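Student: Got a sequence here, can you build the structure:
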Amino acid sequence: MSLPKAELHLHIEGTLEPELAFALAARNGVTLPYADTEELREAYRFDDLQSFLNLYYELMAVLRTEADFADLADAYLARAAAQGVRHAEIFFDPQAHIVRGVPMGTVVEGLWRALGRSEETHGVSTRLIMCFLRDESAESAMETLEAAKPHLDRITGIGLDSAEVGHPPVKFRAVYEAAAALGLRRVAHAGEEGPPAYITEALDILGVERVDHGLRCMEDPELVERLVRERVPLTLCPLSNVRLRAVDVLTEHPLPAMMDAGLLCTVNSDDPAYFGGYAGDNFDAVREALGLDQERLRELARNSFEASFLDDDEDRRTRYLAEVEAYEFD
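Tutor: Presented below is the predicted three-dimensional model:
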C-alpha cells in the first residue's frame, strides 16, 4: 500500500535480503553457510525470537565497510519509498558491529552516505536512532554512547532492542540519563515478549517518548489509560508479531482493540527481510486480516507522522499529513 506514512520501527540490519547478503559476502570474501539465496531464504523461517536473533547476528558478518552499510540503507530506502514511506526513523545496532571489529564511524558514516542523500534519491526524509543491545551489559551501552559522541550530528536518538525477557529497562537507567543530557531523543522496545511492567519502567525510569511494540500494554488497563492520557506512541509491527509468535495469527492481532481504546498506534515493519513484508505490506496485511477501513488506515498513517521526531520541521510534518488526507485508495 502506497498510503503516505512514516516508518518508526525499522532495524536497518533487518533489511538484509538474501541477494544482497550474498553480494556483500562475495565483495568481502565472507563464506556464508548456505548454498545459495534460496537456502538462505528458507533459513528465514525461524521459530521464535532467539532463533531469529541467531540468524540476524550471523548474517551481519557480511557488513564490513562504509560502502556495505550505504548499500544496505539504499536498498531499504528504495523499497520503502515504493511502498509510500515518506519519512523513516532507522535503528542500527553498533555493538553488534563493534564486537566484529567494525568501528562506530564506519557504521554511522556508511549509513549516512545513503541517509544524507535520501530525500534527493528516494524522496524520503530520515532520522537515525542508535540502539543498545539489552542482553549486553549496561557498561557496554555506556561505552557505545561514548563512541558515538563524535557522530552525534548524524544521530537523533537512542533505543533499546534485542532479547527483552530478563533485561528490564532499569538496567539502562544511567546510559539513558547520559543520553538525555546530550539532547538525544529516547525510545525503547518494551512489552513485546516482556511484561507490561517493562513499559512502565521504560516510561518512568528511561524517560522514553515512544514505546516500540508495547503490545502487552493491553494486559494492564491502568497502563492503557495512562498511555492514552499521555499520548505515548506505540510502534507496532504486526507481521513481526506473528512471525515471532507474540500473536498466533494476524486475525487475532489486538490492533483494532488498541485503536478503539484510544492508543496512538503506528504500523511498521521491524525486520522486513526476515518477517515477510515492508511497511506497505504490513498495512495491506492488517487491512485484509483485520478489516480496517480507509479511515482507520488514514488514522494509522497520521499517527506515524505525529509520533515522528519531526519536531524540528513542523512544515514538513504538515505537508506529509496533507498527503495522507489527499491520498486516494485503490
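
Student: lowest average confidence, helix or strand, in the protein?
Tutor: Least confident helix or strand of the chain, by mean pLDDT, DSSP states H and E, is helix 49-59 with a mean of 84.

Student: Give the next helix or strand downstream of it.
Tutor: Later in the chain than helix 49-59, the nearest helix or strand by DSSP states H and E is helix 66-82.

Student: And the strand or helix carrying residue 26, what's buried?
Tutor: Element membership of residue 26 [criterion: DSSP H and E] is helix 18-28. Under the neighbour-count criterion of 16 or more other CB atoms under 10 Å, helix 18-28 has 18, 20, 21, 22, 23, 24, 25 buried. (Glycine included, C-beta is placed from N, CA and C.)

Student: could I have that helix exported to PDB, CA atoms only?
Tutor: Taking Å, rounded to 0.1, in the frame of the first residue of the first chain, the C-alpha atoms of helix 18-28 are listed here in PDB:
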ATOM      1  CA  PRO A  18      19.400 -12.800   0.800                       C
ATOM      2  CA  GLU A  19      20.500 -11.500  -2.600                       C
ATOM      3  CA  LEU A  20      22.300  -8.500  -1.000                       C
ATOM      4  CA  ALA A  21      23.800 -10.800   1.700                       C
ATOM      5  CA  PHE A  22      25.400 -13.000  -0.900                       C
ATOM      6  CA  ALA A  23      26.600  -9.900  -2.900                       C
ATOM      7  CA  LEU A  24      28.300  -8.400   0.100                       C
ATOM      8  CA  ALA A  25      29.700 -11.700   1.100                       C
ATOM      9  CA  ALA A  26      31.400 -12.000  -2.300                       C
ATOM     10  CA  ARG A  27      32.600  -8.500  -2.100                       C
ATOM     11  CA  ASN A  28      34.200  -9.000   1.300                       C
END
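
Student: From the contact counts, what lies against it?
Tutor: Contacts defined by 3 or more CB pairs under 8 Å, 6 or more residues apart in numbering; DSSP states H and E place helix 18-28 against helix 37-43, helix 66-82.

Student: Please list the outside residues in contact with it.
Tutor: The contact list for helix 18-28, computed with CB atoms under 8 Å, 6 or more residues apart in numbering, reads 30-32, 36-38, 40-41, 44, 59, 61-65, 68, 71-72, 75, 273.

Student: make it 10 Å
Tutor: With contacts defined as CB atoms under 10 Å, 6 or more residues apart in numbering, helix 18-28 is touched by 16-17, 30-32, 34, 36-44, 59-65, 67-69, 71-72, 74-76, 273.

Student: so how far is residue 187 from residue 108?
Tutor: To residue 187, residue 108 is 18 Å away according to CB to CB, to the nearest Å.

Student: These two: which is more packed in?
Tutor: Taking residue 108 and residue 187 together and counting by other CB atoms under 10 Å, residue 187 has the greater number of neighbours (27 against 24).

Student: Just the buried residues from the contacts of helix 18-28, in ChimeraX please.
Tutor: The ChimeraX command for the buried members of the contacts of helix 18-28 (criterion: 16+ other CB under 10 Å) is given here:
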select :16,17,32,34,37,40,43,44,59,60,62,63,64,68,69,71,72,74,75,76,273
